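S.K.: What would the 3D arrangement of this be:
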Amino acid sequence: MLVPVQLTSILKYRHAALRGAYSSPWLEEAAHRRLLKANEVVQREIGRDVTICVWDALRHFETQKDLYRRHLEDLRMQHPNFAEEALHRLASTVVRPPVFDPPPPHTTGGAVDVTLLVSERDDRLGRFDDFSEYGRADYFLRHNPKSKEELAAKVYRQILAEAMIEAGFVGIEEEWWHFEYGTTYWAEKTGRTCIYNEVQTAPASTFLAEQVQAFANPQIVNMRGVAQAFGSPDARQAALQGTSKGHYYARTRHPNERALAKQLAQVVGGQDAVFAPSGLSAAIGAVASGMPMNGELIVDRNIYYETNEALRALGKSNGWRITVFDLADPSEWNLELLRTADIVFCDHPRNWYLSAPALAEIRQVIRQGKGELIVDTSVQPVQSLLDKNLADVVVCSLSKYPSAGETLGGGIFGCEPRIVRAHNWLRRLGAAMAPEAADTIRRQSASLVDRIDRVTWKAERIANWLKCLPEIDVVNVADLHHVGAPSGGQISAVFYSPEFAACLEEVVSWNSHRDDFPLKLACTFGAHFTTIEHFGARTGAADLPRRANIHQIGPGWIRIGVGHESEDLILRALENSILTVRLLKDQLCRDQCLSSGNTQRDQSRGESSAQAGKTIYDGVRMFAE
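M.R.: A predicted model of the protein is given here:
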C-alpha cells in the first residue's frame, strides 16, 4: 500500500516540471517504515538538527518517460553522429527505460532518492542527478577529499549510506543518493524475493487533481519566478541566442507559460495556445495579429465595452474599417461585408445578455471569402468551437474560471501557425504573462472541467428559481444548445425597478461578512465564491454611461456568478435577501436605500440604514430557519 512520506522533501522533478511529477512524495508502506528508521539512525549519530530529505520517491510512469526522453535528447545533441540504437544504450546506463517488465524501480514505490538536510541546505553531500564521477557512491573510496566541503560530503554520505543499509535498503554504485527496498535489484543483491514488481500510481485524488502537465524545458528554472540557472557558459550562450530549449529571463515565453499552454490546449482543444497578461490584451492581440493595414473588421454589437473601445482605438491608428452589427440577428447582417471582412469578432456567450451568436451560419458566410472568425468566450466551450470548425481563433479570459478569480490572464487558442503570429505580436509589445500568474492558472486549471460543469447546472436551477420572482422581468442564462458546452455559472436578471436592484446590492454588502452568507459584491465571475453585481451600482457609476451606450443595458440589471457553495446555501441567501428588500421598501427612507446611486448620502444616516437592514435580515433568516 502506498503512503505519503512523513519527512522533509524537495521534489526536484516537480520543481523542474517534468510530466506527471508528483507534488508530494509517496512510498510503499514497508519502504516508508524503513526510511523513517534510517532517519532515526541519522539523528542518533549526528543530532536532531540533521534530517533525511527526499528528492524523489514514487515516480509516475509519465515522469519516467519524460526523464528518459529528455536524457535521450541531450545525448543526441552531444553525439549527433551516433546511431539511434547506440544512443538508447547510452541513455539506459543513466536512466532506466520506461518499460513495464521489469519496471523502473522508482515507478514501483520501492526506490527513493535522499540526501541530508544540513543547516537547511540539501547540497552538502553533492548535487541531485550528478552523473559525473563525483556523483558515484564509491567516489571517496577511490579519491581523497580535496577540500573541507568534500571532506564534509564524504562523512555525510557515509552516515547516510550506513543508516539506509541498516534500515534495510540497498544502494547503487552510480548514484550516492539512490536506495531501494523490495525491488528487483534489491532482490538480486539480498537473495530475497522481489516484493514490488509492478508500476504504481499515487491515489487518484492526489494524482488526477494536479498532474500530467507536459512541456520540455531542460534548464533549471524557479517555477514561481523568472530566475534561471545554467549548467555551463555554453548553455547560457545557447539560451541567449535562442538556439536551445528553455527560456531566457521571461521576455518571450516563460516555461510556466508553455506548461500552461500545453495543459489548457489539451483541456479546451486547439493545436496550441499563447497567453497574455489579461483577457483584454489577449483579445486585442488575437485581432491585431491577424488584421492587415487598412483591413476590414466586423465586431458584434454586444462585445465587452472595453474591448470595443480598445479595438476602435487600434483600428483608428491602423486604418481599419470597422463595422458593427448584431451577429445574433441575421436580419442585420450585411452578407457582402461578412464575405470580404478580414476578421469577424464576437463574444460567445455575450456579456450580460448570455445569448449566443449564430456561429455556424456566420462561419458558413465567412468561408466564402478570405476572413477568419475570432470568438471571445468562456473557456469551456473552446473545444467544441474549434473541433466543430465554428471558429478560427478562440480568445478567453483566464482571470475567471481557469484561475478561479485568483489572478489575471488571457489566452488565445488555435492552429499552430496562427498562434505563432499572435505570439510574435504580443512579444513585440512585451506583453508576457507573469510566471506566477501562469503557475496559479495551471494549478487551478487541473479542476477546471469539473468546476465549470458543477456551476453550470447550479446556475440553471438558480435561474429557474429567479424566474418565479414577481420583481424580475427577464432572467438570462447561457443556453447549452447554442453555446455548445457547459459555459459556467453566469446569470443575469432584469428587475422591473432599478431601485429594487440597488437595494438588493446594499443588503448583500451588509451581510457579506457572515460565514453562512455566500454572496459577495464583485465585478466579475468564475471565482470560488458566489458574486453579484448591479449594473447601476455606485462603484461603477463612472462606467455606466460608457457601458450602457454600448450594451444598451439599463440600471435594473444584475449579474450573478455562481460559486462552489452548495445550491441550497446560495438560494437561501438570495431568498432571504429578496425578502429583506421587500421589508426595507416599507420601513426605510427611499433616499437612503433605494437611490439609483447618483446622489451623495449622509454617512451617519447610511450607517443607521445598514444597521436596520442587518436587523431585518436577521429576522428574515430566523423566520426562514
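S.K.: what's the helix or strand for A493?
M.R.: strand 490-495 (DSSP states H and E).
S.K.: Can you give the strand pairings for that strand, parallel or anti for each?
M.R.: strand 472-477 (antiparallel), strand 557-561 (antiparallel) (DSSP bridges).
S.K.: Which one of those lies nearest to H71?
M.R.: Of all the strands paired with strand 490-495, the one in closest proximity to H71, counting by C-beta to C-beta, is strand 557-561 (46.2 Å). Where C-beta positions appear, they are placed from N, C-alpha and C, glycine not excepted.
S.K.: What residues of that closest one count as buried?
M.R.: Buried positions in strand 557-561, judged by neighbour count with 16 or more other C-beta atoms under 10 Å: 557-561.
S.K.: do the same with stretch 156-174
M.R.: Of the residues in stretch 156-174, 156-157, 159-161, 163-164, 167-172 count as buried by neighbour count, 16+ other C-beta under 10 Å.
S.K.: The strand holding A493 - what's its average pLDDT?
M.R.: Mean pLDDT, strand 490-495: 92.
S.K.: ok, now stretch 112-130?
M.R.: For stretch 112-130, the per-residue pLDDT averages 86.
S.K.: And that stretch, end to end?
M.R.: End-to-end distance for stretch 112-130, by C-alpha to C-alpha, to the nearest Å: 16 Å.
S.K.: still on that earlier bit, please tell me how far the strand holding A493 is from the chain's geometric centre.
M.R.: 28 Å (C-alpha atoms, centre = their mean, to the nearest Å).
S.K.: immediately after it, which helix or strand?
M.R.: helix 498-511.
S.K.: Which secondary structure elements does that next one sit against?
M.R.: Packing contacts for helix 498-511, counted by 3 or more C-beta pairs under 8 Å, 6 or more residues apart in numbering; DSSP states H and E, involve strand 519-521, strand 530-534, strand 557-561, helix 567-587, helix 590-593, helix 603-624.
S.K.: Hmm, Y139 is touching E133, no?
M.R.: Yes. Using C-beta atoms under 8 Å, Y139 is in contact with E133, at 6.2 Å.
S.K.: who has more neighbours, the two?
M.R.: More crowded of Y139 and E133, by other C-beta atoms under 10 Å: Y139, with 19 against 10.
S.K.: quick one, what contacts that one?
M.R.: 133, 176 (C-beta atoms under 8 Å, 6 or more residues apart in numbering).
S.K.: returning to what we had before: sort out which one of the buried residues of strand 557-561 lies nearest Q78 for me.
M.R.: For the buried residues of strand 557-561, the nearest to Q78 is G561 (52.8 Å; C-beta to C-beta).
S.K.: Next one: that closest one from Q490, what distance?
M.R.: Between G561 and Q490 the computed distance is 6 Å (C-beta to C-beta, to the nearest Å).
S.K.: likewise V50?
M.R.: 54 Å.
S.K.: T530 now?
M.R.: Look at T530 and Q490: by C-beta to C-beta, they are 11 Å apart.
S.K.: what do these two both touch?
M.R.: Taking C-beta under 8 Å, 6+ apart as the contact rule, T530 and Q490 both touch 560-562.
S.K.: CSV for those, including distance to R312 and pLDDT?
M.R.: Shown next, in CSV, are the shared contacts of T530 and Q490 (distance: C-beta to C-beta, whole Å; pLDDT from 0 to 100):
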residue, distance to R312, pLDDT
I560, 30, 92
G561, 28, 91
V562, 33, 91
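S.K.: Which of the helices and strands packed on helix 498-511 has the lowest mean pLDDT?
M.R.: When those are compared by mean pLDDT, helix 590-593 comes last with a mean of 48.
S.K.: List the buried residues for stretch 327-338?
M.R.: 327-328, 333, 337-338.
S.K.: okay, V50 and Q490: which has more neighbours?
M.R.: More crowded of V50 and Q490, by other C-beta under 10 Å: Q490, with 25 against 19.
S.K.: was I right about that one contacting I558?
M.R.: No. Counting by C-beta under 8 Å, Q490 sits too far from I558 to count as a contact (11.6 Å).
S.K.: Report the set of residues contacting both of those two.
M.R.: The contact sets of Q490 and I558 do not overlap (C-beta under 8 Å, 6+ apart).
S.K.: picking that back up, between the buried residues of strand 557-561, which is nearest C396?
M.R.: Of all the buried residues of strand 557-561, G561 has the smallest distance to C396: 15.3 Å, by C-beta to C-beta.
S.K.: what is the closest one paired to in the beta sheet?
M.R.: Residues in beta-bridge contact with G561 (DSSP bridges): Q490, T531.
S.K.: Next one: it from A527, what distance?
M.R.: 7 Å.
S.K.: Check P555 too.
M.R.: Distance from P555 to A527, by C-beta to C-beta: 24 Å.
S.K.: again, but for P4
M.R.: Counting by C-beta to C-beta, the gap from P4 to A527 is 30 Å.
S.K.: low-confidence ranges in the stretch 251-400 of the chain?
M.R.: By pLDDT under 70, the weakly predicted segments of the stretch 251-400 of the chain are 251-253, 255, 266-270, 378-384, 387.
S.K.: Which phi and psi values does W457 adopt?
M.R.: With angles defined as degrees, to the nearest 10, W457 shows backbone torsions of phi -70, psi -40.
S.K.: In which helix or strand does H423 reside?
M.R.: Secondary structure assigned from DSSP H and E places H423 in helix 416-429.
S.K.: Could you do V394 as well?
M.R.: Assigned by DSSP H and E, V394 falls in strand 393-397.
S.K.: which residues are in contact with both of G561 and Q490?
M.R.: Common neighbours of G561 and Q490 (C-beta under 8 Å, 6+ apart) are F525.
S.K.: Excluding chain neighbours, give the residue nearest to R76 in space.
M.R.: For R76, ignoring the flanking residues on the chain, the nearest one in space by C-beta to C-beta, 6 or more residues apart in numbering is L87 at 6.2 Å.
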